[in-house]
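In: Predicted structure and sequence below. I'll ask about it afterward.
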Amino acid sequence: MMEDNLLLLSNSKTHNMEFLEHAREALIDFLDGRRTIYFAPYAAATSAYDSYTATIQTAFKPLDVTVTGLHTVDQPALALRDAEVLFVGGGNSFRLLKTLQQLDVLNVVRERVTRGELRYIGSSAGTNMSCPSLRTTNDMPIVQPASFASFGLIPFQINPHYQDPPINSTHMGETREKRILEFLEENDVPVVGLREGSWLRKRGAHLRLDGLTAARIFRRHTEPQEYQPGSALSWLLTLPAIFDQRL
């Protein structure tokens, strides 16, 4: 039986490292010999699609992998019916989701990933899209999607680029932790605060945290907990996502 495979990166660029360098071994393992990827650059401005795709192509060139920008094909939904791997990149999550809705690719990706026919790589906003909703993004809503419901490849939420409050900071605004706790006031859904340099790898019913840093997991009525790289987090896959998907 084929299993769904997801690689969900907090970020693509890590300080003092080349694009995707921090996750190169994880990418090799994830691709498992596959040599073609479709890249969705839709979280970026339309004018940046080509340059963003070129950056991804350069990053995958040492792996002997061919990257095709999904924006260059006439019928993206049709192309994804035969694709082996989809990489959804970072940028603005609201813009990304709105474009994915307009292209009518949400269902085909969800169905093929769930059946184990399409492997999914997400980074930043692309990782946010793997969740049931974009509601734990860090981004400003520069456009308005038809709804907040995204791919729903996992039953919990992720906050990519999670940051701890700076020590001795005089900033009086809400911290990232405070924003996530506000989310939990309205939604009974776990949130993984995925710090820079870290990722989640899902293989069927198994979920593992890997990368350079620990993750912080938030649950309603529970103190946030720290999990180190190498931690098994499969229990997150058994929890229902409880909120109204129409929003």
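Out: On my side now, so go ahead.
In: how about the spatially most central residue of the chain, what does it touch?
Out: A centroid search over the chain (C-alpha atoms, centre = their mean) returns residue 127, at 0.5 Å, as the residue closest to the centre. By C-beta atoms under 8 Å, 6 or more residues apart in numbering, the contact list for residue 127 reads 8, 9, 10, 90, 158, 160, 194, 200. Every C-beta, even on glycine, is put in place using the N, C-alpha and C of the backbone.
In: what pairs with residue 9 across the strands?
Out: Beta-bridge partners recorded for residue 9 (DSSP bridges): residue 123, residue 199.
In: Please, which helix or strand holds residue 179?
Out: According to DSSP states H and E, residue 179 maps onto helix 176-186.
In: Let me know the next secondary structure element after that helix.
Out: From helix 176-186 onward toward the C-terminus, using DSSP H and E, the following helix or strand is strand 191-194.
In: pLDDT, distance to residue 177 and neighbour count added to the contacts of residue 127, as TSV?
Out: Output for the contacts of residue 127, formatted as TSV (pLDDT from 0 to 100; distance: C-beta to C-beta, whole Å; neighbours: other C-beta atoms under 10 Å):
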residue	pLDDT	distance to residue 177	neighbour count
8	98	20	27
9	98	21	29
10	96	16	30
90	96	21	25
158	98	15	24
160	96	15	29
194	97	13	28
200	98	19	25
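In: quick one, what contacts residue 80?
Out: Counting by C-beta under 8 Å, 6+ apart, residue 80 has contacts 38, 70, 86, 105, 108, 109, 112, 118.
In: Now for those: which two are most distant?
Out: Spatial extent of those (C-beta to C-beta) is set by the pair 70 and 112 at 14.0 Å.
In: higher neighbour count, the two?
Out: More neighbours surround residue 70 than the other of residue 70 and residue 112, with 24 against 19 (other C-beta atoms under 10 Å).
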